[in-house]
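Test case, fold it:
(one chain, ligands or ions: 1)
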Amino acid sequence: LRELRSGGSSSPAYSSSSSSSSSSYNASQQRLPGAIIIGVRKGGTRALLEMLNLHPDVEVAKAEVHYFNVEEHYRRGLGWYKAQMPFTLPGQLTVEKTPGYFAAPQVPARVWDMNPAARLLLIVRDPAERLVSDYTQVLHNRLTRHKPYQPLEQLLIHKGHIDPGYKALQRSLYYQHLARWLEVFPRDQIHVVDGDALIRDPFPELRKAERFLDLPPRISPNNFYYNTTKGFYCLLSAGHDKCLDESKGRPHAPLSSQAFKQLCHYFRKPNKLFFEMVGRSFSWC
Ligand SMILES: Nc1ncnc2c1ncn2[C@@H]1O[C@H](COP(=O)(O)OS(=O)(=O)O)[C@@H](OP(=O)(O)O)[C@H]1O
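Here you go, the predicted structure:
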């Protein structure tokens, strides 16, 4: 527990964030993360981070850090990484999220070297939907920079068949990436969050995450309300409300129903392998 909360430092185990915050013993400082949201890209990582941040014993790194997956950052060392973290009191849990960690082969061993007790959160979503969301984000970025782009179907389908080389498709092969994490971390240090369930009804997923992180249950259904304009749940805390920005929940780029069906068929086997690996199944297409 101590290592989880303090990222391996020697600060005392759990103490409430509201207790004796004025004493120098409890001086706030930056600490390495005890928990990391490792992915998946477009799985709902921002929503999960913001929702965990509702917990009084959790502080989060606001920006994606990309420490373990970007060589230039990794070379800067743990001092740099720590300096990207929020200030916390002893007993508070530091959390960062970088969706790019999940599919980057060098990352699991690096996270282990940082803190072998780190708790890992993996939020997954229907891999076909995720792929379309991934493409939509790339398309949006290219349009913003006035760069050319290809329609999704052209990237995805080659001579009538799904092209296994398409990067966004590979990012949806969850079992391949998870297998690498499981070579390094024990299964019980990785908690799988259902990203589709988080969209439909966030509270039960948050309760499970609190339990995994050994946090006392502090997040409540009253922290969420459905915003009909946004079409998603938004957050309520201490009288403030917050919805995720417009980059979350964009209308997806079009894809013919025939191509989407092909995609669903393609994912059947890899999905089955993932279900076996995590010991549960999801009702994906
Ligand atoms: N409450 C709430 N509000 C808004 N959006 C929500 C929420 N919960 C989950 N989501 C889904 O999060 C998807 C984006 O995932 P990520 O944050 O992981 O994207 S990223 O990889 O960091 O770019 C985003 O995917 P798209 O809908 O495809 O844009 C959302 O569906």
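
So which residues of the protein form strands?
29-30, 35-39, 58-60, 87-88, 93-97, 119-124, 157-158, 161-162, 190-194, 224-227, 232-237, 240-242 (DSSP state E).

okay if I get those strands as CSV plus distance to Asp113?
No exception for glycine: its C-beta is placed from N, CA and C like everyone else's. CSV is the format used below for these (distance: least, Cβ to Cβ, whole Å):
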stretch, distance to Asp113
strand 29-30, 19
strand 35-39, 13
strand 58-60, 22
strand 87-88, 22
strand 93-97, 16
strand 119-124, 14
strand 157-158, 40
strand 161-162, 37
strand 190-194, 17
strand 224-227, 37
strand 232-237, 34
strand 240-242, 35
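
what does this structure put close to the ligand?
41-47, 99, 133, 137, 198-199, 232-233, 244, 248-250 (Cβ under 6 Å from any ligand atom).

Select only the buried ones of the residues you listed in ChimeraX?
Written as a ChimeraX command, the selection of buried residues from these, which uses 16 or more other Cβ atoms under 10 Å, is:
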select :41,42,43,44,45,46,47,99,133,137,198,199,232,233,244,248
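
So which of the residues of the chain next to the ligand belong to helices?
Thr45, Arg46, Ala47, Ser133, Gln137, Leu198, Ile199 (DSSP state H).

average pLDDT across stretch 221-236?
Mean per-residue pLDDT for stretch 221-236: 97.

residues in contact with that stretch?
Contacting residues not belonging to stretch 221-236 are listed as 47, 50-51, 54, 199, 201-203, 237, 241-244, 248-249 [Cβ atoms under 8 Å, 6 or more residues apart in numbering].

If we only consider those residues, which is nearest to Asn271?
Ile199 (18.5 Å; Cβ to Cβ).

Distance of the closest one relative to Arg207?
16 Å (Cβ to Cβ, to the nearest Å).

Tell me which of the strands of the chain is the most buried.
Neighbour counts (mean count of other Cβ atoms under 10 Å) averaged over each of these peak at strand 35-39, with a mean of 28.

quick one: contacts of it?
Against strand 35-39 from outside (Cβ under 8 Å, 6+ apart): 4, 45, 48-49, 93-103, 107, 111, 118-123, 177, 181, 213.

rerun at 7 Å
With Cβ atoms under 7 Å, 6 or more residues apart in numbering as the contact definition, strand 35-39 has outside contacts at 4, 45, 48-49, 93, 95-97, 99, 101-103, 111, 118-123, 213.

Below-threshold pLDDT in the stretch 1-150 of the chain: ranges please.
1-26 (pLDDT under 70).

quick one, helices of it?
In the stretch 1-150 of the chain, the helices defined using DSSP state H, counting those that start in this stretch lie at 2-6, 45-52, 71-74, 78-83, 107-114, 127-144.

Please tabulate those helices in TSV, including the columns distance to Lys159.
Formatted as TSV, these follow (distance: least, Cβ to Cβ, whole Å):
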stretch	distance to Lys159
helix 2-6	50
helix 45-52	34
helix 71-74	36
helix 78-83	45
helix 107-114	34
helix 127-144	19
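
Indicate which one of these is closest to Pro270.
helix 127-144 (7.5 Å).

got the buried residues for the closest one?
Pro127, Ala128, Glu129, Arg130, Leu131, Val132, Ser133, Asp134, Tyr135, Thr136, Gln137, Leu139.

Same check on stretch 164-171?
Within stretch 164-171, the residues scored as buried using 16+ other Cβ under 10 Å are Tyr166, Ala168, Leu169, Arg171.

Between those, which sits nearest Val60?
Arg171 (23.3 Å).

Please name the residues that touch that closest one.
With Cβ under 7 Å, 6+ apart, Arg171 has these contacts: Val40, Arg41, Ala103, Asp134.

what's the farthest-apart pair in those?
Most distant of these, by Cβ to Cβ, are Ala103 and Asp134, 11.0 Å apart.

which one's the longest helix in the chain?
Longest helix in the chain, counting by DSSP H: helix 257-278.

average pLDDT across that one?
Mean predicted confidence for helix 257-278 is 98.

picking up where we left off before, which stretch among the helices of the stretch 1-150 of the chain comes nearest Leu255?
Here helix 127-144 is closest among those (Cβ to Cβ), at 5.9 Å.

Centre-most residue in this structure?
By Cα atoms, centre = their mean, the mean C-alpha position of the chain lies nearest to Thr45, the distance being 3.2 Å.
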